[in-house]
Every structure is written in structure tokens, then in C-alpha cells.
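Visitor: predicted model and sequence below, questions to follow.
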Amino acid sequence: MGLKTCGYSVAYAAEPPGSIELRRRSPLRPIPIRQAIINILLFLGALLAAGVSTVSGQAVAPAGHSTAPPTELGLQPRGNTFNRAQAATWLDHRRFAVGRWDGTITVFRTAEGEAEIGPVLVEALAAPARRGIEMLTRLTADRFVSSNDRQSLALWQPGRNGSAATPLPYSGEYGIAVSGLVTAHQGLRYLLVGHQYGDLSIWSLAGEAGSDAGAAGDAAPRLLRVVSLRSAAPVRWQWQTWHIRGLANCGGGRVVSAAEDGDLCVIQVPSGEVLSRRRYHATAQRGLNDVAVCGDLVAAVNCAVGADDRNLWVFRLIGDSLQPVDSTKLVADPALDPVFAFSVELFPATGVPHFVASTEEGLVWLGLVKDHKITVLGKRRVAVEGGDLLAVHPNPLTVLAAGHKIQTFSVDRRPIRRSETGH
């Protein structure tokens, strides 16, 4: 009898008793038993080294090697910091500050001469809490406040090595600051701050109204009161939010607010009394993202949902109430839905109220409001996608657009096309 392994056989011979031979199926030659055992062990070792099981005949992993499938190097996500601009404010006619979601505040000045092709960085700062910057508000030419965390602002003023921050604490129940405004009433100055959860904090500022120098001392803003502006019937959608995204002066110690709950409020300063409240539209599906005032006109922007919705709304302030004037949908691609409008500014030019507004298509739109009608004059691409933060300085008339890039624009006259005159 014999045992066959991969073409070899082991046979017992009749003579001499007790001997073993390893025979090939071809003519065989007797091999001593010691050498036969050594040959068998070497052969089995060779099979294992080749990855073949001596039991099943199937491939196995050589010693010291894994049976896992082959792999190659790849990039695995470990973190993502979003650096788009979320807040901006002019400090004077040449300098402005931009706050980003990565927690940085950068101060620029406008370009000088032909050698400088764009705004020039003059200072870079980081918020003490290392949180994204959602609010920047000018106090004086060399002092401003920013958001910091859910329970404090940051007051920035000149220090030994540039601007330095001092925390201004408040209760964490109001949430992070998302909008800000300086206003005056009866000779006194106030800082108004819109918060994440729909609250408005009112702070007193040192110095007289209209006096930069008077407020430039070391006195920090002092918290007077906090009032809730939350709507009793907010816009209902997938994420219920209350952020007061916009604040604008409307004269007579009054301020208008725009919130993500969908309401526009007219508020008296410094009492915080709500003089009027209205939903920007009866069928609103999203909240408001910004608000601006020019004379008695108020403009607000939102995210338009559906073919018939609008994302720019204009009202007139009559007494303490807001009355609708006109609305329009700012969109280049009519198939785009929804259409997010991010920022809006109103300013007088040639004796007529004009607006600039940014949309998620990466466009800034220019237009005017005349005879109860919105007229779009044109648009300019400022980004591949996403809405830029806008801020306007009146003298000289300059539009700041801040997203991933920092851009400034003048507003100049252009020839009127024949098609625009109706002739």
C-alpha cells in the first residue's frame, strides 16, 4: 500500500524488513530512511512557504503574512475648518474688518496707487474663544466688538502689540452674538446685539452721540437689559431657528430687526419696547437673513423656496409700522431652487435709494427702488458659489464683498442701454 502526496508515494518493501523507500512513479532508487525523512520535511516546508496547505491543498498565507485583502494608502478625513466670511464692518473710510468662521478677524485697508491691486492686510487677530466670528460692530475708528462665545462678546481696542481683546460677559441663555449695531437716542449712544436664541441685548456706550473721541476711552460697554424678540408663531421648517441676523437704524431712536423666525420688528431704544412686528410675507417658508434701511425704506432678504417665492422684499416705514412696497426674486438660473439671498445694503445715489444684495450663485446684484418698484440694474460675479457678506461705506461710496476673497467696488455711472429706456 502507499500514501500519495503531490505525485510522490511511500511504499513498504518486502526486504529488508523495517525499511522505507520514497519512490517516484518513474524508475525508483532506494533512499535511506534518514534521508527520506529529511526530504519529506524539506518538501513540506517548501509547500508552506509557497502558501499551500498540506492538509487541504488550498492556498494559505506564508508565515508572518496577513490574510487580509491587499491595501493601498488613502486620505482619511480628520477635520474641516470653514473659513468663509460671516461678518464685516467698516472702521473708517479706508479700513475694514472681516470675521470668518475659522475664528479669525482680519483688518484691511483699501489699495493705494497702481502697485496695489486689492485690499491690503494690516492686522490678523484670533477671537479668545477660538469660535467662528458671527458679529463685528464698529464702536470708533480704533475700537470694535465681535462675537466670542455663547456667553461673551470681545471688545477689541489698541494694545501694546496691536489690537487686544477684553471679554464682555453675559448670560449664556441668550446664545452667541450674530448681529450688532450702534445707535443713538437723546444724546446717548447704545450698542445693540442680536443673539442666537432671539434675544436683543442693549448696552450703554461712553461718550456723546456723534462723537468718536468721546467713546474712545477705556470704558467698556455696560449691559443695560435684554429683551426677547422671539415670534409667537415662527416660520416652521426643518430646523427651527431664532437668530436675529440683521439690525438697522430707522431714526428717532428706533431700530428694525430681522430674524430667522420670519419677523421684522421695530424697537425703541433704550427701552427695548417692540413698537411693531410683522411677518415679511404671509406664506414665508424660511426666515430672514439681513435687513437694511435708507430713509423710510426697509429692505430684507431671505431664502426663496419654490417658483413663486421672492428673496428681496422692500417695505416703507410709516409711523412705527412697515408697509409692503415691492418684492423680487434675484436669480440668474431660473431652474435653481431654493435661492438663498445672504446680505443686503441700502444707500442713496443720485438722489434715489439703491441696493446691493448677494445670492448663493456667487453674485452681487445692484438695483434701485423708485416709484414703488424694484428695478435691477445689473449683477456681478464675485465667487464661484455662495453668498458674500456685503458692507457699504458712504464716502467715498464703496461696496465691500467678503467671502473666500476680499473685494471692493465703486458704484459708478454707466451709459443707459436703449433697451432700458423703452424706446
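Guide: Cool, got the structure.

Visitor: mind listing what the closest residue to S228 other than its chain neighbours touches?
Guide: Spatial nearest neighbour of S228, excluding adjacent residues (CB to CB, 6 or more residues apart in numbering): D199 at 5.4 Å. C-beta: built from backbone N, CA, C; applies to glycine. Counting by CB atoms under 8 Å, 6 or more residues apart in numbering, D199 makes contact with Y174, G175, V226, V227, S228, L229, R230, I244.

Visitor: which of those residues tops the neighbour count?
Guide: Using other CB atoms under 10 Å as the neighbour criterion, I244 leads the contacts of D199 with 29 neighbours.

Visitor: could I get the pLDDT score of that residue?
Guide: On pLDDT, I244 comes in at 98.

Visitor: and the residue nearest to S228, how far from A383?
Guide: Separation of D199 from A383 (CB to CB, to the nearest Å): 32 Å.

Visitor: what of R95?
Guide: Counting by CB to CB, the gap from R95 to A383 is 23 Å.

Visitor: cool, and A284?
Guide: 27 Å.

Visitor: check contacts around V293.
Guide: Contacts of V293 (CB under 8 Å, 6+ apart): A248, N249, C250, V256, A299, L317, L346.

Visitor: got the CA positions of the helix or strand containing it in CSV?
Guide: Assigning secondary structure by DSSP states H and E places V293 in strand 288-294. Extracted C-alpha coordinates of strand 288-294, given in CSV (Å, rounded to 0.1, in the frame of the first residue of the first chain):
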residue,chain,number,x,y,z
LEU,A,288,-34.8,86.4,7.2
ASN,A,289,-31.0,86.7,6.7
ASP,A,290,-30.4,90.5,6.7
VAL,A,291,-32.1,93.9,6.8
ALA,A,292,-31.1,97.4,5.7
VAL,A,293,-32.6,100.9,5.9
CYS,A,294,-32.4,104.0,3.7
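
Visitor: give me the mean pLDDT for that strand.
Guide: The predicted model assigns strand 288-294 a mean pLDDT of 98.

Visitor: kindly report the same for stretch 313-323.
Guide: 98.

Visitor: ok, V384 touching G362?
Guide: Yes. Assessed by CB atoms under 8 Å, V384 is found in contact with G362 at 5.5 Å.

Visitor: neighbour count: the two, which is higher?
Guide: Ranked by neighbour count (other CB under 10 Å), V384 and G362 place G362 first, with 17 against 9.

Visitor: follow-up on the earlier one: report the next helix or strand after the strand holding V293 in sequence order.
Guide: Past strand 288-294, the next helix or strand by DSSP H and E is strand 297-304.

Visitor: skip ahead from that next one and say which helix or strand is next.
Guide: Criterion used, DSSP H and E; the element after strand 297-304 is strand 312-318.

Visitor: gap between that following strand and the chain center?
Guide: Averaged C-alpha coordinates place strand 312-318 at 28 Å from its chain's average position (CA atoms, centre = their mean, to the nearest Å).

Visitor: next, the buried residues of the helix or strand that comes right after it.
Guide: The helix or strand immediately downstream of strand 312-318 is strand 321-328, counting by DSSP H and E. Neighbour-count burial for strand 321-328, counted by 16 or more other CB atoms under 10 Å, picks out L322, V325, D326, S327, T328.

Visitor: was I right about the last one contacting D309?
Guide: No. At 10.8 Å, T328 and D309 do not qualify as touching, with contact defined as CB under 8 Å.

Visitor: quick check: the residue lying closest to T110 once chain neighbours are set aside vs G159, distance?
Guide: Among residues not flanking T110 along the chain, R94 sits closest, at 5.2 Å (CB to CB, 6+ apart). Distance of R94 to G159, given as CB to CB: 21 Å.

Visitor: who has more neighbours, those two?
Guide: Shown here are R94 and G159; by other CB under 10 Å, R94 has more neighbours (17 against 10).

Visitor: can you give me the strands for the stretch 101-250 of the chain?
Guide: For the stretch 101-250 of the chain, the strands defined by DSSP state E, counting those that start in this stretch occupy 104-109, 120-126, 136-140, 143-149, 152-159, 162-169, 177-185, 188-195, 199-208, 222-228, 244-251.

Visitor: need the residues that contact the second one.
Guide: Among residues not part of strand 120-126, those counted as contacts by CB under 8 Å, 6+ apart are 95, 103-112, 156, 162-163, 165.

Visitor: can you pull out the helices in this protein?
Guide: 33-49, 418-421 (DSSP state H).

Visitor: ranking those helices by mean pLDDT, which is last?
Guide: Of all the helices of the chain, helix 418-421 has the smallest average pLDDT, which comes to a mean of 49.

Visitor: I'd assumed A332 was in contact with K379.
Guide: Yes. Using CB under 8 Å, K379 is in contact with A332, at 6.9 Å.

Visitor: give me the more crowded residue out of those two.
Guide: A count of neighbours by other CB under 10 Å puts K379 above the other of K379 and A332, at 18 against 13.

Visitor: just for the stretch 101-250 of the chain, where's the confidence low?
Guide: Applying pLDDT under 70 to the stretch 101-250 of the chain flags residues 207-218.

Visitor: next one: the stretch 301-423 of the chain
Guide: Across the stretch 301-423 of the chain (using pLDDT under 70), the flagged ranges come out as 414-423.
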